[in-house]
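Engineer: coordinates for the following, if possible.
(one chain, ligands or ions: 1)
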Amino acid sequence: MRPAQAIHNWQMDQKADLNMPEQKPQYVSAFRALSVYIKPHRWSFIAVFCCTLIAILTELLQPYLMKIAIDDNLLAGKNDYRGLIVIAVIYLGLSLSTLVFSYIQNNLLQNVGQSIVARIRKQLFDHIMKQSMGYFDRTSSGSLITHVSSDTEALNQFFNQVLLSLFRDGLTLIFILVMMFQLDTTLALYCLILLPIISIIAIAFRSFMRSTYQLARTRLSRMVAFVAENLSGMHLIQAFHQQKEQERQFNERNGLYFKANLREIRTNVVFGRTFDILSNLSIAFVTWIGGRAVLGQDLEFGVLYAFITYIRQFFQPINTITQQWNTLQSATVAVTRIWSVFESKPEVTDREEEEASEPRAKKDDELRQMTLTTERGEDASASLQSLDGVKGDIEFEHISFNYEEGVPIIRGLDLHIHAGEMIGVVGTTGAGKSSLISLLCRFYDVKEGSIRIDGTDVRDIPQSTLHRLIGLVQQEPYLYSGSIVDNIRMFDESITREEVIAACEFVGADAIIAKLPGGYDTKLSERGSGLSAGERQLISFARIIVFKPKVLILDEASANLDSHTEQLIQQALHVVSQERTTIVIAHRLSTIMQADRIIVMSQGEIVEQGNHQELIELGGQYCELYEHSQGLSAS
Ligand SMILES: Nc1ncnc2c1ncn2[C@@H]1O[C@H](COP(=O)(O)OP(=O)(O)OP(=O)(O)O)[C@@H](O)[C@H]1O
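Structural biologist: Purely as a prediction, here's the structure:
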């Protein structure tokens, strides 16, 4: 569950920051947004703080202990061997404590940081999964991948590097200053002269490092986007022999990223070395000032020794904090981007939760049954029983729809499909056939009119129930990485292997599966490589059989199928469509010639309807399509 408070904080801050340019890090908003995730771990953070404090104190006490050994023991001319041993033992104890507490602090912070980031990553993925299709039309998959991977990784670095550095290095700096003033105020004040110089150099480097860092990140994301684009368009690249050109473009991007990376590394090295030089200059300065004081007997030698050690340690935290600046910035920008994803609300939603679990008295009994019993994860057979009462009568009542304002796709369409009827839908490309199906599946909501199943508006049916009720076999059926069995039962362990095999035999897919090297256990890749479009559709038919939906929709594969597979599909469709409402978007008229009714669509409207014979006699668009297809098959 996404903490509403985090979103609220974020939105409030965004409203206040409306005038800020985009992508500028908004530190306060980012920290407020993250604070909701940090709060449950406050005791761990307090523990980290305490461990850090102890580790720093035990580390910083070591030079002080040396000062005591030098001034109070060695230079005081005491032959106190016992005292020296005690100091040595304490020194060892302190070193050991530093080690142990640093280890605990590091582990604890890693643990908390990782669990916060894992939680955000999970919520982000869940949130993306809940979005409607319209969201995916508007948002590139590349940017969503970046949010789930790189942006959450930036948060990971924030917790494990930036936060650690702010805790450890910030506190170290403060304590070193305290120790220096404690040892000798005059010498400490001399050292403070250095602070403005250090600050100016750090600020100058910071802006330069930021620009090199951003350049490298931008070039990296361009390169990643290019690879993602290439992978998804691989068919086109190979079909048009674009490999060489793509290679050239990739090399160009890769080269630019390489240069930006080198520049970033060089800047960091120069910055680090500049700090080394400053550190050495400061040591020389303190040795000169402090040495004179020691010679003049105004300063103890042990104090000078401790001072020099502290000066050495002083530069390290400043260096680290400055270096972490870039990570802090990219984490802040990552929070901005992740939270803007969280802000998007799905356009297609279920009715209020209570309406879903407590259907209004007016709703008919069937809907109540569907609503109460078909949540995923319940006993599958129980869900199917509850759907048994559904007949599958579908009514499109004067529906209109558009993806973009002012570009109507479906215009005032009326269509009544009786329960158990088989409907074929044909029409020219872009006529709105797939859009009609998307509306029935509620991938989008109609702009006007309503779609009802057994008299219930699809907007009143929980989406989980609706998608259980409708079985969709797409043009390019999606197959998951996994075995054939898993792909058919969709990883639902309540469906047995025997049921899967029976379903495959029923639709006639078993012969194809038997030829595969691993049979039913053959591992398929994401795109189901190794299987043709027709074979993938047959596997989808088997899916339909095991899930027993009341309505079957087939968006027929437009690719040319060999006559054997086509015949298998025809037979499978015949058996699968028995006793269920079936809608087939047909690219080959042979698939739907036997349909009870054929709908001809053009520009978002139904222009003809009737059975094959009636439409041929009508001599309209269908007849033309038919004659055309006959001509093609004859040629
Ligand atoms: N996600 C989308 N965003 C914007 N416009 C879309 C989207 N999907 C489809 N369209 C447009 O809507 C119109 C109808 O498309 P649709 O896919 O429903 O037609 P179709 O009849 O199924 O075509 P085909 O037979 O080629 O699959 C087309 O002009 C198409 O460009």
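
Engineer: next one: residue 122 from residue 145, what distance?
Structural biologist: Look at residue 122 and residue 145: by C-beta to C-beta, to the nearest Å, they are 16 Å apart. Backbone N, C-alpha and C define where each C-beta goes, glycine included.

Engineer: which of the residues in whichever helix or strand residue 231 is part of are buried?
Structural biologist: Assigned by DSSP states H and E, residue 231 belongs to helix 194-232. By neighbour count, with 16 or more other C-beta atoms under 10 Å as the criterion, the buried positions of helix 194-232 are 194, 198, 201-202, 205-206, 209-210, 212-217, 219-220, 223-226, 228, 230.

Engineer: cool, and stretch 486-493?
Structural biologist: Buried, per 16+ other C-beta under 10 Å, within stretch 486-493: 486, 487, 488, 489.

Engineer: now those residues in CSV, with distance to the ligand and pLDDT?
Structural biologist: Shown next, in CSV, are the buried residues of stretch 486-493 (distance: C-beta to the nearest ligand atom, whole Å; pLDDT from 0 to 100):
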residue, distance to the ligand, pLDDT
486, 29, 86
487, 24, 84
488, 26, 87
489, 29, 86
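
Engineer: enumerate the residues of the protein near the ligand.
Structural biologist: 137, 403, 409, 427, 429, 430, 431, 432, 433, 434, 435 (C-beta under 6 Å from any ligand atom).

Engineer: contacts only, for the residue of the stretch 1-150 of the chain found nearest the ligand.
Structural biologist: Closest residue of the stretch 1-150 of the chain to the ligand, C-beta to the nearest ligand atom: residue 137 (4.2 Å). Listed by C-beta atoms under 8 Å, 6 or more residues apart in numbering, the contact set of residue 137 reads residue 403.

Engineer: centre of the chain versus the helix or strand hosting it, how much separation?
Structural biologist: Per DSSP H and E, residue 137 falls inside helix 133-138. Centroid displacement of helix 133-138 relative to its chain, using C-alpha atoms, centre = their mean, to the nearest Å, is 15 Å.

Engineer: and the helices in the stretch 401-550 of the chain?
Structural biologist: 433-440, 463-469, 484-489, 497-507, 510-515, 533-547 (DSSP state H, counting those that start in this stretch).

Engineer: one more: the stretch 1-150 of the chain?
Structural biologist: 4-16, 27-38, 42-68, 81-130, 133-138, 141-146.

Engineer: pLDDT of the helix or strand just after the helix holding residue 231, averaged?
Structural biologist: Toward the C-terminus, helix 194-232 is succeeded by helix 234-239 as the next helix or strand (DSSP H and E). For helix 234-239, mean pLDDT is 80.

Engineer: ok now the helix or strand that comes right after helix 234-239, how far from the chain's centre?
Structural biologist: Next in sequence after helix 234-239, counting helices and strands by DSSP H and E, comes helix 243-295. Centroid displacement of helix 243-295 relative to its chain, using C-alpha atoms, centre = their mean, is 34 Å.

Engineer: now whichever helix or strand comes after helix 243-295 against helix 243-295, angle please.
Structural biologist: Once helix 243-295 ends, the next helix or strand along the chain (criterion: DSSP H and E) is helix 301-343. Helix 301-343 runs at 150 degrees relative to helix 243-295, counting by axes from the mean of the first three to the mean of the last three C-alpha atoms, to 10 degrees.

Engineer: what pLDDT, on average, does helix 301-343 get?
Structural biologist: Rounded mean pLDDT across helix 301-343 is 83.

Engineer: stretch 518-528 too?
Structural biologist: Stretch 518-528 comes out with an average pLDDT of 76.

Engineer: start at 825, not 1
Structural biologist: With the count now opening at 825, the last piece we talked about shows up as stretch 1342-1352.

Engineer: could you pull up the contacting residues of the nearest residue to residue 904 once chain neighbours are set aside?
Structural biologist: What sits nearest to residue 904 in space, not counting adjacent residues and going by C-beta to C-beta, 6 or more residues apart in numbering, is residue 897, at 5.8 Å. Going by C-beta under 8 Å, 6+ apart, residue 897 touches 904, 907, 908, 911.

Engineer: who wins on neighbours among those?
Structural biologist: The residue in the contacts of residue 897 with the most neighbours, by other C-beta atoms under 10 Å, is residue 911 (17 neighbours).

Engineer: next up, the contacts around that one.
Structural biologist: 889, 892, 893, 897.

Engineer: ok, 6 Å please
Structural biologist: Contact analysis of residue 911 by C-beta atoms under 6 Å, 6 or more residues apart in numbering lists 889, 893.

Engineer: who's in contact with residue 1218?
Structural biologist: So residue 1218 contacts 1241, 1277 (C-beta under 6 Å, 6+ apart).

Engineer: hmm, try it at 10 Å
Structural biologist: Residues near residue 1218 by C-beta atoms under 10 Å, 6 or more residues apart in numbering: 1239-1243, 1245, 1247, 1264, 1275-1278, 1282, 1294, 1374-1375, 1405, 1407.

Engineer: distance of it relative to residue 941?
Structural biologist: Residue 1218 is 45 Å from residue 941, by C-beta to C-beta.

Engineer: and what of residue 1008?
Structural biologist: Residue 1008 is 45 Å from residue 941, where distance means C-beta to C-beta.

Engineer: circling back: check the helices of the stretch 825-974 of the chain for me: which has the lowest mean pLDDT.
Structural biologist: Taking the mean pLDDT of the helices of the stretch 825-974 of the chain, helix 828-840 comes last: a mean of 44.

Engineer: wait, residue 1378 touches residue 1405, no?
Structural biologist: No. At 11.8 Å, residue 1378 does not count as touching residue 1405 under the criterion of C-beta atoms under 10 Å.

Engineer: more neighbours, these two?
Structural biologist: Applying other C-beta under 10 Å to residue 1378 and residue 1405 shows that residue 1378 carries more neighbours, namely 29 against 24.

Engineer: for the more buried one, name its beta-bridge partners.
Structural biologist: residue 1297, residue 1408 (DSSP bridges).

Engineer: tell me where the stretch 1325-1459 of the chain has strands.
Structural biologist: Taking DSSP state E, counting those that start in this stretch, the strands of the stretch 1325-1459 of the chain run over residues 1347-1348, 1375-1379, 1405-1409, 1421-1426, 1429-1434.

Engineer: quick one, what contacts residue 1066?
Structural biologist: 1054, 1057, 1058, 1060, 1072, 1073.

Engineer: just the pLDDT at it, thanks.
Structural biologist: Residue 1066 is given a pLDDT of 82.
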